[in-house]
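J.: Fold the following.
(chains A and B)
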Amino acid sequence: MEFTCIRTYSPAQGVGVVQINRPAAMNALNLQTMIEIVDAFSAYDSDPEIRCLVIHGNEKAFAAGADIKEMSGANAIEMLERDQFARWERIRQIKKPIIAAVSGFALGGGCELAMLCDMIVASETAQFGQPEINIGVMPGAGGTQRLTRAVGKALAMEIVLTGRMISAAEAKRVNLVNSVVPVEGYLYESIALAREVASKAPIALKLAKESVLKAFSSTLEGGLEFERKNFYMLFASDDQKEGMSAFVEKRKPQWSGK
Amino acid sequence: MTFNSLLYSIDSQVLTITLNRPDAYNACNEELTNELQQAFAAASSDDTVRTIILTGAGKAFCSGQDLKDAPSGSSKRSLADSLQRRYNPIIRAIREIPKPVIAGINGVAAGAGLSLALACDMRIMSASARLVEAFIGIALVPDSGATFFYSRMLGYSKAFEFATLNKPILAADALQLGLVNYVFHPSAFVESLLAIALQYAKGPTQTYGYVKYLLQQGANMPLNNMLEMEVDYQQRAGESKDYTEGVKAFIEKRAPNFSGE
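T.: Take a look at the predicted model:
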């Protein structure tokens, strides 16, 4: 696949990485970038060699929002027709775990993209925010929903209504991110986490991810039923047999992904 | 320079001192404490060394005194002699060397091994490592500076608890207590530690030395004394080549290229 706005590479077995690569535009997420991210993620999702995904930008910017120039002249009907956020839905359907490695700005669409991932590793310099209110609009790709679910109503309101950015330290305190490390180590840390995830049984990873996400879209009862069925389903996998035999025999399991 | 119980290697102006008795969890025998003294003395006089990493080979950082390392003959080891002759000079050397010393806590740091880590200027810890007080388990008091470091870093109440309960501190808790600066995933640990050390090695080394000295003094001195000392040391820092370079780089809007002088 030929990309112009992103770069893809695999730094470790089982780990597929996407780097947003528009440094001159602070990695603003224009349409082409989103198309490429979705294409790369979809390819990784169907590649049996890849078990965990990482997305990152550069040290100064993970992604500093959507491409405002691209949108500024559009009217409502054009926006509706363009339906650019539809592509984001495709990322939500990726079955393999995705880790966002965030350094520098994760603003607007960048913050929404990070929150769309399953875990966030932040560098100390990371800053998160939804500044759309400052240009007369509001988050449009999940910001109001995912931020509220992650940090609660009061803080989400403050961030969305004032456009205030929060630091990596504050993001850690309010559980928006998993860990904060110095900028020199944030990529290593993200890839290490991805390697650990990638070392687990692939089907269990997919069903576990799906089940955790279900907590945001179901009643407790519905979620528990969903979880139970996924749990039972795993007993149809070779990896369940292998994992439990290995545990009993006190050895390391060898996953087949079947 | 050749050592037997530790590795001494310099790369990109970062000196890595690796305690290298992995089969004994890097416990300190006579040879290792001797060599640590020599290593810090060598690092002190070597201008090509601008940052020092102290870490361990294998699973452990350092498990403290090697209890199997009995003194020759039948004489009982004098603990006082052991501290004065072997450990205290190392702790002083780490604190006094005018360069950043980073402990890379790759695995368990126990007893005097923990003291070594606490004497360093920064601690970077693997998520799988833990800190163990250990002394109280054999009815000894914390030594090698531990009583100083525990009480200053933890406050009296937590320090007393840690020094008497002998309950290990896991990485996440060590981070929260402020005992370590950063925790990394075990498989990201080495690369991240080196990357951070490399940043320090590119910094204004001489000024780091002044900062180190002043902060240590500041912990025990009244404000007025520190205000006076800052006057003196700022004057000295202002005479460094790196100050000239730093100001020039700022005006030219580029990253400074510090030589350490």
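J.: Assign a three-state SS to B:Ile10, would you?
T.: strand (DSSP: H, G, I helix; E, B strand; the rest coil).
J.: Any idea what it is bridged to?
T.: B:Leu15 (DSSP bridges).
J.: Which helix or which strand is home to residue 255?
T.: Using chain A. A:Trp255 is part of no helix or strand, with elements assigned from DSSP states H and E.
J.: So what does it have for phi and psi?
T.: Phi and psi for A:Trp255, reported as degrees, to the nearest 10, are phi -80, psi 140.
J.: just B:Tyr25 next, same as before
T.: Here B:Tyr25 shows phi and psi, under degrees, to the nearest 10, equal to phi 50, psi 40.
J.: And it, what's its pLDDT?
T.: pLDDT recorded at B:Tyr25 is 96.
J.: Give me the neighbour count for it.
T.: B:Tyr25: 20 surrounding residues under other Cβ atoms under 10 Å in any protein chain shown. In this view, the C-beta of every residue, glycine as well, is placed from N, C-alpha and C.
J.: And B:Leu227, by the same measure?
T.: Around B:Leu227 sit 10 other residues, with neighbours defined as other Cβ under 10 Å.
J.: so who does it touch?
T.: By Cβ atoms under 8 Å, 6 or more residues apart in numbering or on different chains, no residues touch B:Leu227.
J.: pLDDT weak spots in the stretch 151-258 of chain A?
T.: The model of the stretch 151-258 of chain A has no residue with pLDDT under 70.
J.: Pull the contacting residues for residue 194.
T.: Using chain A. A:12, A:14-15, A:17, A:52-54, A:97, A:99.
J.: ah, I was thinking of chain B
T.: Contacts for B:Leu194 (Cβ under 8 Å, 6+ apart) come out as B:14, B:53.
J.: how about the helix or strand it falls within as CSV, C-alpha atoms only?
T.: Secondary structure assigned from DSSP H and E places B:Leu194 in helix B:186-201. Output of helix B:186-201 as CSV, limited to C-alpha atoms (Å, rounded to 0.1, in the frame of the first residue of the first chain):
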residue,chain,number,x,y,z
PRO,B,186,10.3,-4.2,31.5
SER,B,187,10.9,-4.5,27.8
ALA,B,188,11.0,-0.7,27.3
PHE,B,189,13.2,-0.2,30.3
VAL,B,190,16.7,-0.4,28.9
GLU,B,191,16.1,1.6,25.8
SER,B,192,14.2,4.3,27.7
LEU,B,193,16.9,4.5,30.4
LEU,B,194,19.6,5.0,27.8
ALA,B,195,17.6,7.6,25.9
ILE,B,196,17.1,9.6,29.1
ALA,B,197,20.8,9.3,30.1
LEU,B,198,21.7,10.4,26.6
GLN,B,199,19.7,13.6,27.0
TYR,B,200,21.6,14.3,30.2
ALA,B,201,24.9,13.6,28.5
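J.: which residues of the stretch 1-150 of chain B fall in helices?
T.: For the stretch 1-150 of chain B, the helices defined by DSSP state H, counting those that start in this stretch cover B:30-45, B:79-82, B:88-96, B:112-119, B:146-154.
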